[in-house]
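Undergrad: Fold the following and give me the result.
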Amino acid sequence: MKIITITLNPAFDVHCFSENFQPYHENLAKITASEAGGKGVNISRALTVCGTPNLAFVVLGEENGESFSRAMSADGMSYRTVSVQGRIRENITVHTDHADETRISFSGFDAPADLLSQVENALSGEIDGETVVTLTGRNPSGVGIEETKACLRRFAERGAKIVIDSRSFSLSDLVEMKPWLIKPNQEEISVYLGREIGSLSEVIEAAKELHEGGMANVMISLGSQGALLVSDEGVFSAKPPKIEALSTIGAGDSSIAGFLAASAEGLSAKECLCRAVAYGTAACLTEGTKPPRPEDVTRVMREIEIQTM
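TA: As a prediction, this is how the structure comes out:
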């Protein structure tokens, strides 16, 4: 199985620490990490670090794209890029003592009208029935949702399995495209279905609704409680061990990476869910958006409680 991640809207993830951070005041901060990010890039980095081959396809802004490429190279990633005018956006996360993180996200480049045509042309020789294509993160300014759906449909017509994790798509969009895998959290699934989804039984019923709508694998993130999966093979839940999380940013992307890594090995849906939760949990043991360490994945895997519902 070939895995291709597409990141149309990448970002530099900058993490800093400010002691006794106070809103509405000047705060001194120390940068603790600056990484090439974006949901697709995060998935590819996690796959790469844990030994699963993949290709990251990334749209770069010309103003700071070279720095982004250097960062991906330093992480050992296999990638391909196209460049557009403008700059890649920055996400700043402020960490402080005894308080939640504060995130500031800047806008990035405006994509040209032919961006998706450039993406398709660049990947024309890669897409076939053995390919999984992920489209994650929000569309950049200038790219319409109908154009994106049309691009993904053409990939699917060539046999690719499509993975979507993006708030740019509505429920009707997902039902129309019938992706192979989606990974909403409880908040997102509540928005999709237009009702509050709280209890585990409500999550299961909601996931079943989406699965019956044509989505082969519906994996619902439950935060520290793990995840739930509804697939053709059944309904499964996986609960990780308790951990002291350093950062939860990017954990969902790592969970997708874990699912794909297990699927590439031909494992069952239940095993794919277990690997997904192990990757996502292990990612929380690293700072910022750093990927899960293989040794942490192995340790967490042994402690996951997995059930057939």
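Undergrad: Distance of the one residue sitting closest to the centre of the chain relative to Thr7?
TA: Nearest to the mean C-alpha position of the chain, by C-alpha atoms, centre = their mean, lies Asp253 at 3.0 Å. Using C-beta to C-beta, to the nearest Å, we find Asp253 at a distance of 10 Å from Thr7. Heads up, the C-betas are built off the backbone N, CA and C, glycines and all.
Undergrad: Please enumerate the shared neighbours of these two.
TA: Lys39, Gly40, Thr136 (C-beta atoms under 8 Å, 6 or more residues apart in numbering).
Undergrad: residues in contact with Val230?
TA: Val230 touches Ile204, Ala207, Lys208, Leu210, His211, Asn217, Val218, counting by C-beta under 8 Å, 6+ apart.
Undergrad: Report the mean per-residue pLDDT for the host helix or strand of it.
TA: Using DSSP states H and E, the element containing Val230 is strand 227-231. Mean pLDDT, computed over strand 227-231, is 96.
Undergrad: Chain neighbours aside, what residue packs nearest to Pro241?
TA: Glu303 (3.9 Å; C-beta to C-beta, 6 or more residues apart in numbering).
Undergrad: now do Tyr192
TA: Leu171 (4.2 Å).
Undergrad: How much space separates that neighbour from Asp232?
TA: 20 Å.
Undergrad: out of the two, which sits in the busier spot?
TA: Leu171 (17 against 8; other C-beta atoms under 10 Å).
Undergrad: Quick check, that one in contact with Leu193.
TA: Yes: under the criterion of C-beta atoms under 8 Å, Leu171 makes contact with Leu193 at 7.0 Å.
Undergrad: where does the stretch 201-309 of the chain dip in pLDDT?
TA: Filtered on pLDDT under 70, the stretch 201-309 of the chain yields no residues whatsoever.
Undergrad: can we see that at 80?
TA: 288 (pLDDT under 80).
Undergrad: What does the pLDDT read for the residue nearest to Tyr192?
TA: Reported pLDDT for Leu171: 90.
Undergrad: where does it fall, phi/psi-wise?
TA: phi -60, psi -40 (degrees, to the nearest 10).
Undergrad: what's the distance between it and Leu210?
TA: Distance from Leu171 to Leu210, by C-beta to C-beta: 8 Å.
Undergrad: same check, this time on Ala29
TA: 41 Å.
Undergrad: Would you mind telling me which of those two has more residues around it?
TA: Leu210 (21 against 16).
Undergrad: Hmm, Lys183 and the more buried one touching each other?
TA: No: the pair Leu210 / Lys183 is not scored as a contact, 11.1 Å apart, by C-beta under 8 Å.
Undergrad: related to what we said a few turns ago, give me the number of residues near the residue nearest to Pro241?
TA: 13.
Undergrad: Also Glu126?
TA: 16.
Undergrad: so when I look at Glu176, I'm seeing a helix, right?
TA: Yes: assessed with DSSP: H, G, I helix; E, B strand; the rest coil, Glu176 lies in a helix.
Undergrad: how many neighbours does the residue nearest to it when sequence neighbours are not counted have?
TA: Sequence neighbours aside, Lys149 is the residue nearest to Glu176 in space, at 6.9 Å (criterion: C-beta to C-beta, 6+ apart). Neighbour count of Lys149, defined by other C-beta under 10 Å: 18.
Undergrad: For Val235, give its distance to Ala264.
TA: For Val235, the distance to Ala264 - C-beta to C-beta - is 23 Å.
Undergrad: ok, now Val277?
TA: From Val277 to Ala264 the distance is 17 Å (C-beta to C-beta).
Undergrad: who has more neighbours, these two?
TA: Set side by side, Val277 and Ala264 show more neighbours around Val277, with 30 against 17, by other C-beta under 10 Å.
Undergrad: residues in contact with the more buried one?
TA: Counting by C-beta under 8 Å, 6+ apart, Val277 has contacts Gly226, Ala227, Ala238, Lys239, Pro240, Ser255, Gly258, Val300, Ile304.
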